[in-house]
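Trainee: Could you work out the structure for the sequence below:
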Amino acid sequence: MTWTIAALYQFARFESPAALQGPLKDLGRAQGIFGTLLLAREGINGTIAGPKAGVAAMIDHIRALPGCAALAPKYSTAAAQPFNRFKVRLKAEIVTMGQPDVDPLAGTGQYVPPADWNELISQPDVVVIDTRNDYEVEIGTFEGAVDPHTASFREFPAWWAANKDRFHNKRVAMFCTGGIRCEKSTNFLRGQGVEDVYHLQGGILKYLEEVPAEQSLWQGECFVFDGRVSVGHGLIEGPHKLCHACRRPLLPEDTQRPEYEAGVSCHRCLHETTPERREGFRERQKQMALARARGEAHLGPQNEGEI
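Mentor: Prediction:
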């Protein structure tokens, strides 16, 4: 079958996220849904996959939640199941920035549709900032975009504080995978006194879906938090695989390097883990192989995170 994938988020005010968790779990299991949904008092975020009708039922359910009627998922498809299981997790934030005063519902940057993005970021008074993590930026970004070299979104406020003078008298255009990180980063910049802040509406995923490759200013692939690992124009699955030890994307040729051992290490993380931890990874790989030989499912590692 072809799996329908929906990447989604909605900032809303949930008085009791825990009360929403059970019904979402039950519906997901009934509809054959896989993936992860994150719930917090500030809203919902996640990526799910399943049969088309099942995903539609889940989206209808989420839109009926308080403040979620405007939910606008980014849809794509995959030939293979991109997740191993379905989880609904309670979190302090649906995308972790660690800034309690940031509230996207109080205002964000100006939304820019994909069709207008090229014109905006080509202006000489506009600086373009990629708000994603370093391993995401490494495999693809917009031409001329600033890479903050952050290992997590939580590091972005400190990076801005150290670099904001570089962007004096500039308009700031920001982008991320699906749009959620920019909801917070643009609200954060407005709170820092930056007035001209823009936000790629629908994120990179919407841009790659709508903007033809021959007109695109995107270079490379876009990292995604599911089993496809990366996608390109038209949201076609890219060439990358995942190192299940460090969660970083790898090209096929990277798996031929001497540092690579499936599920255990790659050239980026071989010296970041202890021999004991690598031995644990090897045992996990062994159990996965045994489960496959018995014809059983093994949950194993997944590529899940904040879109």
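
Trainee: Count the residues that sit near Val88.
Mentor: Counted by other C-beta atoms under 10 Å, the residues lying close to Val88 total 22. C-beta here means a position set from N, CA and C on the backbone, and glycine is covered the same way.

Trainee: show me the contacts for it.
Mentor: By C-beta atoms under 8 Å, 6 or more residues apart in numbering, Val88 lies in contact with Gln21, Leu24, Lys25, Gly28, Thr36, Leu37, Leu39.

Trainee: before we move on, which element is the fifth one in?
Mentor: Pointing back at Thr36 there. Assigned by DSSP states H and E, Thr36 falls within strand 34-40.

Trainee: and stretch 136-145, how far from the chain's centre?
Mentor: When distances are taken as C-alpha atoms, centre = their mean, to the nearest Å, stretch 136-145 is centred 14 Å away from the chain's centroid.

Trainee: I misspoke; the intended subject was stretch 67-78.
Mentor: What separates the centre of stretch 67-78 from the centre of its chain is 14 Å, taken as C-alpha atoms, centre = their mean.

Trainee: ok, now stretch 247-254?
Mentor: Using C-alpha atoms, centre = their mean, the distance between the centre of stretch 247-254 and that of its chain works out at 17 Å.

Trainee: residues making contact with that stretch?
Mentor: In this structure, residues lying in contact with stretch 247-254 by C-beta under 8 Å, 6+ apart are 135, 138-139, 223, 229-230, 239-243, 260, 266-269, 303.

Trainee: isn't Leu65 right up against Ser16?
Mentor: No - with contact taken as C-beta atoms under 8 Å, Leu65 and Ser16 are classed as non-touching, separated by 11.4 Å.

Trainee: Which of the two has more residues huddled nearby?
Mentor: Counting neighbours by other C-beta under 10 Å for Leu65 and for Ser16 shows that Leu65 has the greater number, 18 against 9.

Trainee: Roughly how far does the closest residue to the more buried one other than its chain neighbours sit from Glu93?
Mentor: Taking C-beta to C-beta, 6 or more residues apart in numbering, and ignoring the residues beside it in sequence, Leu65 has Leu20 as its nearest neighbour in space, at 6.4 Å. Note on Leu20: its distance to Glu93, by C-beta to C-beta, to the nearest Å, is 16 Å.

Trainee: what about Lys164, is that helix, strand or coil?
Mentor: When states are read from DSSP: H, G, I helix; E, B strand; the rest coil, the local structure at Lys164 comes out as helix.

Trainee: and it, what is it in contact with?
Mentor: Each residue near Lys164 by C-beta under 8 Å, 6+ apart is listed here: Gln192, Val194.

Trainee: Which residue ranges of the stretch 151-300 of the chain form strands?
Mentor: Shown for the stretch 151-300 of the chain, the strands assigned by DSSP state E, counting those that start in this stretch span residues 171-175, 197-200, 218-220, 222-223, 230-231, 241-242, 249-250.

Trainee: Give me the residues contacting the first one.
Mentor: Going back to what we said before, that points to strand 171-175. Contacts of strand 171-175 with the rest of the structure, by C-beta under 8 Å, 6+ apart, involve 109, 112, 117, 120-121, 123, 125-131, 142, 145, 182, 185-186, 189, 194, 196-200, 203-204, 207.
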